[in-house]
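# predicted model follows, preceded by the sequence.
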Amino acid sequence: MDSRTADKTPVETPAEALAQPKDGRSLRELAIRYGFLSLLVGLIIFFSLATRGFTSPQAAVFILQSVSITGILALGVTATLVVGGFDLSIGSIATSSMMAAAYVMVVLEQNALVAVLVCLAIGALVGLINGLIICYMRVPDLLATLGMMFLLIGLQRIPTEGRSIATGMTLPDGSTAEGTFSQAFLALGRHRFDLFMENLVPASVVVLIVLAILIWFFLEYTRFGRMMYAVGSNARAAEFAGAPVKAYRIWAYVISGVFASIGGILLAARLGRGDIASGNNLLLDAVAAALIGFAVLGAAKPNAFGTAIGALFVGVLLQGLTMMNVPYYTQDFVKGAVLVIALIFTFALLGRNAR
Amino acid sequence: MGDTAIFRIAGLTKAFGPNAVLRGVGLDLRAGEVTVLMGANGAGKSTLVKVMSGVHRADRGVMMLGDRPFSPATPAEAMRAGVVTVHQNINDGVVGALDVASNLVLDRLNGAGSGFFFNPRKVRREAREVADRMGLGIDLSAEVTDLPLADRQMVAIARAMAHEPQVMILDEPTSSLSSNEAERLFALIDRLRARGVAILYISHRMSDIRRLADRIVSLRDGAIVGQFDEKPLDYEGAVNAMLGQNLGLHSIDARAAGAPVFSVRDLRIAPGAKPLSMELGAGEVVAVTGLVGVGKTRLAETLFGIHVPLAGSMQLDGRAYAPRTPASAIRDGVFLVAKDRASTGIVPEFNIYENMSLPFLPRFSNMSVTRRRAERQTAREQIADLKIVCRSERDDLATLSGGNQQKVTVARWLTQPSRLLILDEPFQGVDIAARHDIAAKLRESARDRATLVFLTELDEALETADRILVMSENTIVGEHRNADVDMDRLLAEVAGQRLEPAGSV
């Protein structure tokens, strides 16, 4: 870092160059480290001054809720980014799992627990297949998960001949689906916990926070997380240090698949039906959040904290703009702009880690 | 064709920053002759090739092609002038996605004056001419990706020949070929020689050199230190010159081995290789030396469980030892400091302590949660022990110099006690001071384990080891105690001379 700054400013005398590390961090380094977080704080201050009600607990919770499913998917894809891979199938895993939950309860008339377990199993299985295709069939990660995305989008339509699933729908064999979404399952999407105020925090936000803390702790503080970073940074060195590289890669896709299926469960619980048309934006939003996360704290690498902040950042921005009456159709433009800026920030300013 | 030198170099110097790589190279190449250039790693071979082929510009000195000065600014210019280079990496010489015919005439497709439209029939006709001239027995419509390496190499050379060059430089062309494939390449080179091309052939393989060389030139530390053109060629003298005359200066106190720790019996590490055996005792540092490409890395990686031996057995502390993966080798206490730290050692995004603890994370964690304080403590001890220059154990590896990065990769494997510590070229890209620090630490910590160091540079072996084993053609051909070493015998073994059975175990 310091040698690099010295390179760029040849007028600097050696004494100055040496003095630099002593007085802590240079301005540039501070900007890199805290720039994105300050921007987030700035945005919040700006919106609370410019609009009414932005700072209320309800609004805060609303923002969290709006990013909860995206955020969970983003945390999952972070695991695959850490091992140097990528998972494009998370959006379709989530919608498949939503359709499966609806199918299990409405058509097969099973209870909430069965529905949840089926969804998690689907996520784990798809992740496992992704991992096996990538590690053993040597298909590049982007292509393998792209193929899987396509396959799942088609697969989830087959059992119902392309229709959405809701109680009372007509089944392919002509009978009517009698099952209903169980109350316990719907609670996952609609129940609100009391925190300072009654019925404040939705279950989905709690799930997001718990998963964020789990994956953050796993990646930063356990030896498995450390090894996953090693695999992503130099797989051969990790192998020569005794790491089962393929196993770590496969596990990353399993984590990603399971997180995506949890997102799908929450989506189903929120909608109360298996809606064939929903969840289109999940993949892009989640990937954007994870990539924005590279810029947080100057990490320049995938990290769970950054991903969570990235998701929050998008949520705050969209909510604020909406409250300022910016039309809804500009949302994707805004997200895209944030992503491009964050990526430029990551790769241009944090060049030290970009090889 | 005789004595007419068609390519002359005189007084060539080239420095990268303060680092003088070529210090006045003088070299003549004659038409219809194969001149073999020998030199250890870092002697300046590849820089010389790059200057000759227009990649780098010389700082000083003259190159003459025929009777005209030759100073190409780009590789294309060198090629047009008649000096072509076939690089070590075969796939740099061919385009995989195209068929053989297109590859053969690729440079013409790009050249000025070629039309906008691609005429397959014309391409085929021109390619056929080139192939016939070179006696290339390869299907011209085959895709290059479907060809074996040797055929790709042939295509690359034939393509280079399409320019009717006067000088051809071949940079370790056989490094990834089998001996059969190499023989086909040699036949092609014979043909070139017969056509009067002056060939500069760079190789470490003694068998290639014996087969092809009309002359041998030895490069050491950026200068030509020996020219051998009297038949029969003095191969031993050439190796000696390339390795340097100042051998035997750094004498060390050769220690005797303690209790036996590790032994290898009749191990075959490559097809067609003779079985090798060795025995290592506690407290001794044993160096394995030999030229590049004689199987040193293969042997090191076989002992570490990366390759499975074709035959033979290993014993560690009296028990059978047959590692299947690096993880199982590490569990048994066999550690490898692998060659080429950038690709096999360093995790660039990790800091010093994270790099050091990498193989031993289970030992540095409690219920799978890493104990950073212990990691950092261990790293601080190693930093002090090995005199690693850094601000703290939390420095990123990228901020360290090459020598200090190498110290970190060595230190990683010293943080935990081992039964057998293997180091493959641990002094690669390391300055003398760092080399001494590492060697001293190795010798000092060697007491309770066996230590095996793979070193191409004989100097380094002589100043590091108690005992020296010599490898040639994937097997061990000689053994010397590092006290009053019989240099003639050692060098003969390195050069692959067939002596009466050497005293190998």
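Ah, there it is.
# in contact with A:Leu291, which residues?
A:310, A:339, A:342-343, A:346 (Cβ atoms under 8 Å, 6 or more residues apart in numbering or on different chains). In short, each C-beta sits where N, CA and C put it, glycine included.
# in helices only, show me those residues.
The members of the contacts of A:Leu291 that map onto helices under DSSP state H are A:310, A:339, A:342-343.
# for those residues, which one is nearest chain B?
Distance to chain B, by Cβ to the nearest Cβ, is smallest for A:Leu343 among these, at 17.9 Å.
# which non-adjacent residue is nearest the closest one?
In space, and not counting its chain neighbours, A:Leu343 is closest to A:Leu291: 6.2 Å by Cβ to Cβ, 6 or more residues apart in numbering or on different chains.
# the ones in helices among the contacts of A:Leu291 into a markdown table, with extra columns for neighbour count and pLDDT?
What follows is those, written out as a markdown table (neighbours: other Cβ atoms under 10 Å in any protein chain shown; pLDDT from 0 to 100):
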| residue | neighbour count | pLDDT |
| --- | --- | --- |
| A:Gly310 | 31 | 94 |
| A:Leu339 | 20 | 89 |
| A:Ala342 | 23 | 86 |
| A:Leu343 | 15 | 87 |
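# a markdown table please, covering the residues you listed and showing distance to A:Ala237.
Converted to a markdown table, the ones in helices among the contacts of A:Leu291 look like this (distance: Cβ to Cβ, whole Å):
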| residue | distance to A:Ala237 |
| --- | --- |
| A:Gly310 | 28 |
| A:Leu339 | 31 |
| A:Ala342 | 29 |
| A:Leu343 | 27 |
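# helix/strand/coil for B:Asp28?
Put simply, B:Asp28 is strand when judged by DSSP: H, G, I helix; E, B strand; the rest coil.
# please report how far B:Gln423 lies from B:Leu98.
For residue B:423 the amino acid is Leu, not Gln. From B:Leu423 across to B:Leu98, the span is 43 Å (Cβ to Cβ, to the nearest Å).
# low-confidence ranges, chain A, go.
Along chain A, the parts satisfying pLDDT under 70 run over A:1-25, A:350-355.
# returning to what we had before: any idea how far the helix or strand that contains the residue nearest to A:Leu343 is from the chain center?
Assigned by DSSP states H and E, A:Leu291 falls within helix A:282-292. Relative to its parent chain, helix A:282-292 has a centroid offset of 6 Å by Cα atoms, centre = their mean, to the nearest Å.
# can you pull the buried residues of that helix?
Buried residues in helix A:282-292, counted by 16 or more other Cβ atoms under 10 Å in any protein chain shown: A:282-283, A:285-292.
# how about a markdown table for the residues you listed, with distance to B:Val105 added?
Shown next, in a markdown table, are the buried residues of helix A:282-292 (distance: Cβ to Cβ, whole Å):
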| residue | distance to B:Val105 |
| --- | --- |
| A:Leu282 | 51 |
| A:Leu283 | 46 |
| A:Asp285 | 51 |
| A:Ala286 | 49 |
| A:Val287 | 44 |
| A:Ala288 | 47 |
| A:Ala289 | 51 |
| A:Ala290 | 47 |
| A:Leu291 | 44 |
| A:Ile292 | 49 |
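# pull the most distant pair out of those.
A:Leu282 and A:Ile292 (15.7 Å; Cβ to Cβ).
# and the contacts of A:Leu291, which is closest to A:Leu321?
Nearest member of these to A:Leu321, counting by Cβ to Cβ, is A:Leu339, at 15.5 Å.
# what's the closest non-adjacent residue to that closest one?
A:Ala288 is the one closest to A:Leu339 (Cβ to Cβ, 6+ apart), at 4.6 Å.
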